[in-house]
Structure formats: C-alpha cells, structure tokens
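Q: coords please:
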Amino acid sequence: MAENLRVSDLVEVGQVPRLNTRSLKAWTGTYLRQVAVIDACCALAAGLLAYWVRFGGTSTGAQIYFWLGIALPGIWLVTLSLAGAYDTRFIGVGTDEFRRVLNAGVCLTAVVAILAYATKIDVARGYVVVALPSVTVFDLVARFRFRKRLHLRRARGYCMRKAVIVGHPDVIAELSAALRRDTHHGLRAVAACVLGPDQPDTIDDLPVVGGLGNIVDVVQRLEADIVAVLACPEMSGARLRDLAWALEKTNTDLCVAPALLDVAGPRTTIRPTAGLPLLHLDHPEFNGTRRLVKAAFDRAVAALALLLLLPLLAVVALAIKLGDGGPVLFRQVRVGKDGRPFTLYKFRSMVTDAEKMLVDLTKHNESDGVLFKIRKDPRITRVGSFLRRYSLDELPQLINVLIGTMSLVGPRPALPSETETYGDHVRRRLAVKPGITGLWQVNGRSDLPWDEAVRLDVRYVENWSFVLDLQILWKTWAAVMHGSGAY
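A: Just a heads-up that it's a prediction; the model follows:
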C-alpha cells in the first residue's frame with residue numbers, strides 16, 4: 001500500500017518530483033512588486049503624455065497638471081489595490097486580473113468626474129480624457145506582456161504551485177494530464193491521495209502517497225501549496241469541512257472540482273439553498289441578443305477585412321494562377337450549424353487533382369482520428385505551402401462569414417465524412433457556426449490530437465462569450481505569425 005510509505009522517502013528516491021521554484025510566498029511577492037513597478041511606469045507615461053497632448057509642455061499655468069502627472073502613479077497604485085488587481089489568486093491565468101484593471105480605470109474616471117462636479121473645480125477635460133484611458137490601456141497591454149513572460153517561465157518549471165490531488169485514479173489521471181499540458185495555469189501535481197480500497201503506487205507517473213486519512217500529513221511533508229479535491233462520494237460535506245479546517249492551519253489552499261467537463265466562467269454560479277452552497281449551471285445561450293451582436297460583429301469585421309485586404313487577395317490570387325495555371329479558389333462542402341451543409345471557400349493550396357490522389361495517400365495518415373493529416377503532403381504546391389504556413393489560404397472564408405454560413409470564431413468546419421462518424425458528444429460542436437479561427441487554432445492547429453481538438457471545440461461551445469471571441473482573435477495573430485502546427 002502506497003499509504004504506508006513515507007513521503008520524505010519518496011522525495012529522496014525521486015518519485016515525488018522536485019520543482020524549479022522558490023516558495024510560493026517568495027515568488028508571488030517578487031512578481032507583484034514587479035507588476036506594481038510596471039503599473040507605476042504606465043501611469044507616469046500616461047500622465048506625461050496627457051500633459052504633452054493637452055498643453056504642449058509649455059502652456060502657462062499648466063504646471064499643476066505636470067505635477068499631477070508625476071503623482072498619477074501613486075494614485076493609480078492605490079486605485080488598483082482597492083480594485084483587487086493585486087490578488088494572488090489571479091496571477092497568470094484568467095481574465096479577472098484584466099477586468100479589475102479595467103474597473104480601476106472606470107472607477108478612477110468616475111471619481112474624478114464626481115469630485116470635479118461636487119467641488120466645482122475647473123478640470124482640463126482634455127487632460128483627463130487622455131490620461132485615464134491611456135493609463136488603463138497601457139497597463140492592460142503591459143500586464144498582458146508580463147503574463148506571457150510568466151507563462152514562459154512556468155513552461156520551464158518555475159513559478160509553479162505544488163498541488164496534491166485527492167480522488168479516484170481515473171479522475172486524478174485526467175487532471176494530472178491537464179496540468180502537465182496547460183502549464184500556464186501554474187499548478188504542478190506532485191502527489192496523489194487515492195480514495196477507495198485499491199491504491200496503485202503511481203497514476204501516470206504521479207506517485208500515490210496516501211489516502212483519505214493522511215492528506216494533511218502529505219501536504220505538510222511536501223510543503224504543498226494547494227489541495228485539489230475531485231468529485232467522489234467518499235468526500236462528504238463533513239469530511240470536506242474538516243479538511244478545510246485542518247488545511248487552514250497550514251495556510252494551504254483548498255479547491256473542489258465539480259463533476260463538470262469544460263464548463264466554467266459565466267455559466268456557473270454558487271447560490272446558497274437551504275444552507276447548502278449549490279453550484280448552479282446555466283444553459284449556454286445559442287440564440288438571443290448576444291448572438292445577434294456576434295453576427296453583426298462578424299459581418300462588419302469580415303466586410304472591413306475584405307476591403308482592406310483586397311490588394312493582398314489580388315496578389316495571392318495572381319501567385320496561385322501563375323504557379324500552375326489552375327483555379328484560384330478551392331470550393332468544398334462542409335457541415336455548419338445544426339448539421340446544415342454549405343460551400344466553404346479557400347485559396348487553392350494543392351494541385352488540381354488533389355482529391356484523386358487522396359486514396360493513395362490514406363495509408364500515410366499521421367492523424368490519430370477521423371482527420372487526414374501528413375506533414376509533407378505531396379499534393380501541396382510551392383505557393384500553397386507558404387499560404388498554409390501563414391493561414392493566407394483561409395482568407396476567402398471571410399466571404400463565408402459575410403454571407404452568414406461561418407463565424408470569425410468557432411469550431412473547425414467539418415467535412416460530411418467526418419460528421420458521419422460523430423457520436424452525440426462530438427455532435428455538440430455543430431450547435432454553433434464553424435469559425436475561421438477558434439481554440440483549436442490558438443492551441444496547436446494541426447499538431448493537436450483528434451480528441452484534444454474535439455475537446456477544445458466542445459469547450460468553446462459550452463463557454464461561448466463575446467469576450468472569449470475577442471481573446472481568441474487576439475491570440476490568433478500570434479499563432480499565425482509563429483506558423484506552428486500549420487501544414
């Protein structure tokens with residue numbers, strides 16, 4: 001039984017991994033101090049920019065605004081602190097950090113307006129209009145870049161929080177694999193406490209070092225930062241309460257994972273009912289006002305993009321035509337929302353008889369699912385290889401967005417032959433319009449295993465929001481520029 005082994009012995013022999021990380025308190029403190037310096041620099045830059053724009057730096061009687069710009073960093077730091085922008089729970093993951101920075105900017109603007117009105121002070125509106133929006137935008141961009149730097153460090157094993165996972169082997173394996181895959185969340189599973197009579201020595205290389213009775217001992221010996229309790233019948237409300245009280249003494253965080261797959265964010269709320277904190281799950285909104293806003297945004301952006309990219313589209317079309325004299329566009333039937341077929345438009349990146357060659361190439365398929373993918377596809381033309389690397393072959397799909405058969409963001413448009421093999425779980429991805437880009441595009445593209453691509457598509461459907469669309473569009477630019485996973 002793994003429960004009888006000493007945790008310290010497992011560490012010594014290497015079964016419990018050592019992390020390239022300082023203590024949680026040390027690195028979080030350093031990180032927050034660096035963020036505060038960045039916030040102050042952004043505020044100083046915004047204040048001086050507003051002074052220069054409004055007064056040109058030489059206006060008589062404007063010295064007060066120069067000194068106000070110098071004082072703006074202190075004011076901004078206090079505002080951010082009151083807005084909770086330095087909460088360690090939101091370091092490196094999620095949108096809460098950025099939302100709180102935005103709230104700080106809105107609140108500071110409102111306070112300045114109210115004070116100016118109440119005290120009848122004549123404030124230079126041009127200065128305020130430039131300074132406060134600028135400091136918010138500067139800080140959002142700076143924090144985003146600093147977060148990316150943190151993600152790179154976490155990918156190398158630094159700045160991680162050590163987690164002990166509690167549950168049954170199957171769900172422990174799922175969470176452990178997810179944490180290894182998505183290192184940017186900053187959690188590294190170091191050990192597992194298995195509930196139930198059967199306790200293996202390891203679960204996918206994660207050492208099992210205890211059970212329900214010695215969770216606190218494991219946490220203390222490993223100096224873990226967080227305990228993740230997965231859904232299991234053995235962990236009753238009373239036991240979970242006692243565990244929370246015991247971990248409170250060690251200053252270890254406790255999180256409880258509900259039995260939900262890829263459902264989070266706005267759809268989940270905790271509401272007290274009869275003294276019990278019940279997790280309520282709202283249905284995803286596939287119709288209504290938000291969908292109308294999404295459709296209007298999609299078509300407006302598609303129309304503008306087609307207009308601005310017209311010279312580039314002409315150059316690409318000419319390059320394809322001069323390459324082999326074949327047709328410029330490739331048309332193919334794909335399956336859209338609710339299983340309705342539509343014609344998808346792309347720039348042709350393969351030879352004209354590519355479909356006929358597919359039969360002979362099927363045995364070389366490198367995909368682990370229903371898709372056909374090979375890294376060095378002989379059907380791809382020289383021009384097509386360049387187009388695919390930077391996703392330029394996808395640009396004609398803006399026409400699909402304009403006519404309403406596709407969206408800017410959504411699941412990957414599937415072939416009819418693929419949808420014939422779908423089970424009920426996979427068909428969920430057909431509940432919304434397919435997209436030019438999506439979570440699959442910004443998380444590996446063609447390098448993704450089939451199951452992972454499906455999971456990301458279903459995750460998008462379950463958690464769609466306009467803000468999520470904007471985040472994916474922002475990340476798509478970086479994914480396209482790097483060209484990773486494109487073939």
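
Q: just the strands in the chain please.
A: Ranges of strands within the chain are 161-167, 187-194, 202-203, 206-210, 226-230, 253-257, 268-273, 276-281, 329-335, 341-347, 407-409, 435-437, based on DSSP state E.

Q: now those strands as JSON lines including distance to Thr421?
A: Placement of C-beta: from N, CA and C, glycine included. Below are the strands of the chain laid out as JSON lines (distance: least, C-beta to C-beta, whole Å):
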{"stretch": "strand 161-167", "distance to Thr421": "32"}
{"stretch": "strand 187-194", "distance to Thr421": "33"}
{"stretch": "strand 202-203", "distance to Thr421": "31"}
{"stretch": "strand 206-210", "distance to Thr421": "33"}
{"stretch": "strand 226-230", "distance to Thr421": "31"}
{"stretch": "strand 253-257", "distance to Thr421": "31"}
{"stretch": "strand 268-273", "distance to Thr421": "31"}
{"stretch": "strand 276-281", "distance to Thr421": "29"}
{"stretch": "strand 329-335", "distance to Thr421": "12"}
{"stretch": "strand 341-347", "distance to Thr421": "16"}
{"stretch": "strand 407-409", "distance to Thr421": "24"}
{"stretch": "strand 435-437", "distance to Thr421": "21"}
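
Q: those: which one's closest to Val315?
A: strand 341-347 (11.1 Å; C-beta to C-beta).

Q: quick one: pLDDT of Arg348?
A: If you check Arg348, the pLDDT there is 91.

Q: tell me how many other residues crowd it.
A: Residues contacting Arg348 under the criterion other C-beta atoms under 10 Å number 24.

Q: quick check: closest non-adjacent residue to it.
A: Phe330 (4.2 Å; C-beta to C-beta, 6 or more residues apart in numbering).

Q: what about that neighbour, how many residues close to it?
A: 19.

Q: please apply the same query to Leu132.
A: Neighbour tally, Leu132, other C-beta under 10 Å: 24.

Q: how close does the closest residue to it other than its chain neighbours sit to Ile403?
A: The shortest distance from Leu132 to any residue other than its chain neighbours is 4.7 Å, reached at Thr109 (C-beta to C-beta, 6+ apart). Here the criterion is C-beta to C-beta, to the nearest Å. By it, Thr109 lies 41 Å from Ile403.

Q: who has more neighbours out of the two?
A: Taking neighbours as other C-beta under 10 Å, Thr109 and Ile403 compare with Thr109 leading, 16 against 13.

Q: which residues sit against stretch 390-399?
A: By C-beta atoms under 8 Å, 6 or more residues apart in numbering, the surrounding residues in contact with stretch 390-399 are 302, 305-306, 309, 312-313, 316, 329-330, 344-349, 384, 386-387, 406, 436, 480-481, 483, 486.

Q: distance between the ends of it?
A: Stretch 390-399 stretches 19 Å from its first residue to its last (C-alpha to C-alpha, to the nearest Å).

Q: now for the residue nearest to Leu132: which residues touch it?
A: Each residue near Thr109 by C-beta under 8 Å, 6+ apart is listed here: 128, 132-133.

Q: same question, Trp440
A: 411-412, 448, 453, 456-457.

Q: ok, of the contacts of stretch 390-399, which come out buried?
A: Neighbour-count burial (16 or more other C-beta atoms under 10 Å) applied to these gives 302, 305-306, 313, 316, 330, 344-349, 384, 386-387, 406, 436, 480, 486.

Q: and stretch 450-460, what's buried?
A: Neighbour-count burial for stretch 450-460 [16+ other C-beta under 10 Å]: 452-460.

Q: tell me the pLDDT of Asn2.
A: Quick fix: residue 2 reads Ala, not Asn. On the pLDDT scale, Ala2 is placed at 43.

Q: over to Tyr158?
A: pLDDT for Tyr158: 85.

Q: repeat that for Ala62.
A: Ala62 carries a pLDDT value of 69.

Q: and the buried residues of stretch 450-460, which is closest to Trp67?
A: Among the buried residues of stretch 450-460, Tyr460 lies closest to Trp67 (C-beta to C-beta), at 49.0 Å.

Q: wait, the closest one sits on Leu468?
A: Yes: the criterion here is C-beta atoms under 8 Å, and Tyr460 meets it with Leu468 at 7.4 Å.

Q: overlap of the contact sets of these two?
A: Shared contacts of Tyr460 and Leu468, defined by C-beta under 8 Å, 6+ apart, comprise Val409.

Q: so how far is Lys148 from the residue nearest to Leu132?
A: To Lys148, Thr109 is 28 Å away according to C-beta to C-beta.

Q: what of Leu456?
A: 20 Å.

Q: number of residues surrounding Thr268?
A: Look at Thr268: counted by other C-beta under 10 Å, it has 14 neighbours.

Q: report the contact partners of it.
A: 258, 260, 279-282 are the contacts of Thr268 under C-beta under 8 Å, 6+ apart.

Q: what does Ala244 give?
A: For Ala244, the contact set (C-beta under 8 Å, 6+ apart) comprises Leu254.

Q: again, but for Leu212
A: By C-beta under 8 Å, 6+ apart, the contact set of Leu212 is 166, 193, 195, 234-235, 239.

Q: among those residues, which ones are buried?
A: 166, 193, 195, 235.

Q: what about the helices in the stretch 101-250 of the chain?
A: Listed in chain order, the helices of the stretch 101-250 of the chain (DSSP state H, counting those that start in this stretch) span 125-155, 169-181, 215-222, 237-250.

Q: what's next to the second one, contact-wise?
A: Read that as helix 169-181. So helix 169-181 is in contact with 163, 165, 167, 185, 187-189, 192, 194, 198, 200, 203-204, 206, 228, 230-232, 257, going by C-beta under 8 Å, 6+ apart.

Q: mind redoing it with 6 Å?
A: Applying C-beta atoms under 6 Å, 6 or more residues apart in numbering, the external contacts of helix 169-181 come out as 165, 187, 189, 192, 203-204, 206, 230.

Q: pick the one among those closest to Ile91.
A: Distance to Ile91 across the contacts of helix 169-181 (C-beta to C-beta) is lowest for Leu187, with 11.7 Å.

Q: and stretch 423-441, which residues are buried?
A: 426, 428-441.

Q: could you list the low-pLDDT ranges of this protein?
A: Across the chain, the ranges flagged by pLDDT under 70 are 1-24, 57-62, 259-267, 273-276, 359-360, 362-373, 444-447, 482-487.

Q: and Asp170, how far from Asp198?
A: When distance is defined by C-beta to C-beta, Asp170 is 12 Å away from Asp198.

Q: in stretch 67-79, which residues are buried?
A: For stretch 67-79, the neighbour count (16+ other C-beta under 10 Å) marks 68-69, 72-73, 75-77, 79 as buried.

Q: out of these, which are inside helices?
A: Residues of the buried residues of stretch 67-79 located in helices (DSSP state H): 68-69, 72-73, 75-77, 79.

Q: turn those residues into TSV, including distance to Arg100.
A: Formatted as TSV, those follow (distance: C-beta to C-beta, whole Å):
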residue	distance to Arg100
Leu68	24
Gly69	23
Leu72	18
Pro73	18
Ile75	16
Trp76	13
Leu77	13
Thr79	10
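
Q: from these, pick the one nearest Ala354.
A: Trp76 (56.7 Å).
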